[in-house]
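>>> for reference, the sequence and a predicted model appear below.
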Amino acid sequence: MLRRVDLRPSAAEQEPSFTSGHRLRQVLPRAEMDVDAAIAAVTPVIEGVRDRGYPAAREATARFDGVDLADPRVPAAAITDALATLDPAVRAALEESIRRARIVHRKQRRPTVEVQVVAGGTVTEKWIPVDRVGLYVPGGLAVYPSSVVMNVVPAQEAGVPSLVVCSPPQKEFGSLPHPTILAACALLGVEEVYAIGGAQAIALMAYGDSGEADGHSAGRVLIEPVDVVTGPGNIYVAAAKRVLRGVIGIDAEAGPTEIAILADASADPAHVAADLISQAEHDPMAASVLVTDSAELADAVDAEVSRQVQITKHTDRVRTALSGPQSATVLVGDLEQGLQVVNAYAAEHLEVITVDARKWAERVRSAGCIFVGASSPVSLGDYCAGSNHVLPTGCTARHASGLSVQSFLKGVHLVEYDHEALVEVSAHVIALADAEDLPAHGAAVKVRLA
Ligand SMILES: NC(=O)c1ccc[n+]([C@@H]2O[C@H](COP(=O)([O-])OP(=O)(O)OC[C@H]3O[C@@H](n4cnc5c(N)ncnc54)[C@H](O)[C@@H]3O)[C@@H](O)[C@H]2O)c1
Ligand SMILES: N[C@H](CO)Cc1c[nH]c[nH+]1
Ligand SMILES: [Zn+2]
């Protein structure tokens, strides 16, 4: 079922060795359409919202979601009603998910650190939450109340005073976001929610709309712009975040889901197949990659995938994802080479299902989140591990992190020197200012020396 990429040293015509991450990335599976390619599709939408505000977003919603909404703000009553009618088992699960996420995220807050550099001279680093954030909750092929939890909990733990949630309108629910998403907002005390998805939602949060563009909302503020937008989404959402980075801060490009599994002969093929399928059901563009040194395991996983795909609910979506160029089994000579492969691939999610799994996991250098051992599937992290499921995709885990409290904080230095401490270092400041041919910088110190 999964195509094979054979990197075993014995494979015919193998190049010297695929040891450099850059060389490896050229042969590893990747989707045909990447974020760069999606930028062309979202740029007109973003420019429209920048220039004309909500009317342009409304047109995009009509086009992509088949819904025309004069006012996308979700009424307060819809949010409270959604919680009142929520299935008790789902409510209990959301509450447990929130509880565990809070335990982990509360510990992430960095303390203020004051450093005495010299007598009379200190540098203090403090962390200030941004004023207002926009949290994107996907709702196209699936709906994601769990992403409400993963966005809102770290923002709240960071101390962000103003939060807004955007999620696509659902035709079958009166063009509001899905009721489970609204119920999750209610559980977390989020009151400002808009029924809007895709790139138009990211642009609307970034630019806001004062309602003055064409008088469509009679001068009232439809939505205040935010400072940071976080959250997962499809390739268009990820592209919009890349385009708008700078206008707003972003967490990471958390686009179409990826799972890589580093497994040896000890892994249970039924578990491996189930986990590959679990993440493939997100999106036809999702990527599922098995990296193994065992051809026997690869064969057994193929057989299991074929069996399980027939009985999974979203079978078409899963088949498309698993048969696309982004999914494959990569055969390696040994787990050392497997480690090089998973580090080069930099998956959003990496499972390590091997003998001594923790030992191998400790040596991973690039992955959004690492799931260690046979009893830690990605689905656990998606909902209830306490970790965050908003994670970098498309190889951005080489440099980016998953969503955390830190995503909502700005680090600021407070520099405080007294006169003596300034005098003591003044010659060095003046010498460096002269070396840079910026003598006015030196003069700003000299004027204080008299
Ligand atoms: N990386 C992560 O952390 C993470 C977490 C959860 C989910 N995900 C991913 O989020 C995504 C959710 O996708 P989804 O589609 O279900 O919901 P979504 O909310 O991300 O996207 C739906 C929106 O896309 C817009 N859209 C649809 N087709 C378009 C087109 N052709 N051009 C422009 N805009 C278009 C629509 O306006 C719609 O509102 C999946 O790819 C899933 O794998 C990622
Ligand atoms: N696996 C997703 C991150 O790519 C998160 C998620 C939410 N719901 C189910 N799964
Ligand atoms: Zn998932």
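Thanks, I have the structure now. Ligands and ions are numbered 1, 2, ... in the order given.
>>> what's the spacing between the lowest-mean-pLDDT helix or strand in the chain and its chain's center?
Scoring the helices and strands of the chain by mean pLDDT, DSSP states H and E places helix 21-27 at the bottom, with a mean of 92. Here helix 21-27 is found 23 Å from its chain centre; the criterion is Cα atoms, centre = their mean, to the nearest Å.
>>> list the buried residues in it.
For helix 21-27, a neighbour-count test (16 or more other Cβ atoms under 10 Å) marks 21, 24-25 as buried. Backbone N, C-alpha and C define where each C-beta goes, glycine included.
>>> who touches it?
With contact meaning Cβ atoms under 8 Å, 6 or more residues apart in numbering, helix 21-27 is reached by 5, 7, 15, 18, 340-341, 343-345, 395, 398.
>>> which element follows that helix toward the C-terminus?
The C-terminal neighbour of helix 21-27 among helices and strands, as given by DSSP states H and E, is helix 35-52.
>>> what does the pLDDT read for the residue nearest to Val164 when sequence neighbours are not counted?
Computed as Cβ to Cβ, 6 or more residues apart in numbering, the closest residue to Val164 that is not its neighbour in sequence is Glu192, at 4.4 Å. Here, the pLDDT recorded for Glu192 equals 98.
>>> does Glu192 touch Leu163 like I think?
Yes: between Glu192 and Leu163 there is a contact at 6.9 Å, judged by Cβ atoms under 8 Å.
>>> grab the nearest non-local neighbour of the residue in the stretch 1-150 of the chain that ligand 2 sits nearest to.
Closest contact between the stretch 1-150 of the chain and ligand 2, by Cβ to the nearest ligand atom, is at Ser146 (4.6 Å). With Cβ to Cβ, 6+ apart as the criterion, Ser146 has its nearest non-adjacent residue at 5.3 Å, and that residue is Tyr383.
>>> near ligand 2, which residues of the protein? Just list them.
144, 146-147, 232, 257, 279, 348, 382, 389 (Cβ under 6 Å from any ligand atom).
>>> switch to 5 Å and redo it
Proximity of the chain to ligand 2 is confined to 146, 257, 382, 389 under the rule Cβ under 5 Å from any ligand atom.
>>> re the thing from before, how about the buried residues of helix 21-27 in TSV, adding distance to Val405?
Output for these, formatted as TSV (distance: Cβ to Cβ, whole Å):
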residue	distance to Val405
Gly21	30
Leu24	33
Arg25	31
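>>> quick one: which of these is nearest ligand 1?
When the buried residues of helix 21-27 are compared for distance to ligand 1 (Cβ to the nearest ligand atom), Arg25 wins out at 18.9 Å.
>>> returning to what we had before: so which of Glu192 and Leu163 has more stuff around it?
Ranked by neighbour count (other Cβ atoms under 10 Å), Glu192 and Leu163 place Leu163 first, with 22 against 18.
>>> can you tell me the SS state at the more buried one?
Of the three states, Leu163 takes strand under DSSP: H, G, I helix; E, B strand; the rest coil.
>>> hang on, isn't it packed against Val153?
No: counting by Cβ under 8 Å, Val153 is not a contact partner of Leu163; they are 10.9 Å apart.
>>> strands of the stretch 1-150 of the chain, residue ranges please.
Counting by DSSP state E, counting those that start in this stretch, one finds strands in the stretch 1-150 of the chain at the ranges 4-6, 113-118, 121-129, 132-136.
>>> nearest to Leu322, of the ones you listed?
Between Leu322 and the strands of the stretch 1-150 of the chain, the shortest separation by Cβ to Cβ is 13.0 Å, and it involves strand 4-6.
>>> give the other helices and strands that the closest one contacts.
The contact analysis (3 or more Cβ pairs under 8 Å, 6 or more residues apart in numbering; DSSP states H and E) places strand 4-6 against strand 328-331.
>>> how about the residue nearest to Val164, phi and psi?
Dihedral angles of Glu192 (phi, psi; degrees, to the nearest 10) stand at phi -100, psi 100.
>>> and it, what does it touch?
Residues near Glu192 by Cβ under 8 Å, 6+ apart: 73, 162-165.
>>> of those residues - the most surrounded one?
Counting by other Cβ under 10 Å, top hit in those: Val165 with 29 neighbours.
>>> Leu335 and Leu262 touch, don't they?
Yes: with contact defined as Cβ under 8 Å, Leu335 counts as touching Leu262 (7.2 Å).
>>> neighbour count for these two, which is higher?
Neighbour count, other Cβ under 10 Å: between Leu335 and Leu262, Leu262 has more, with 30 against 24.
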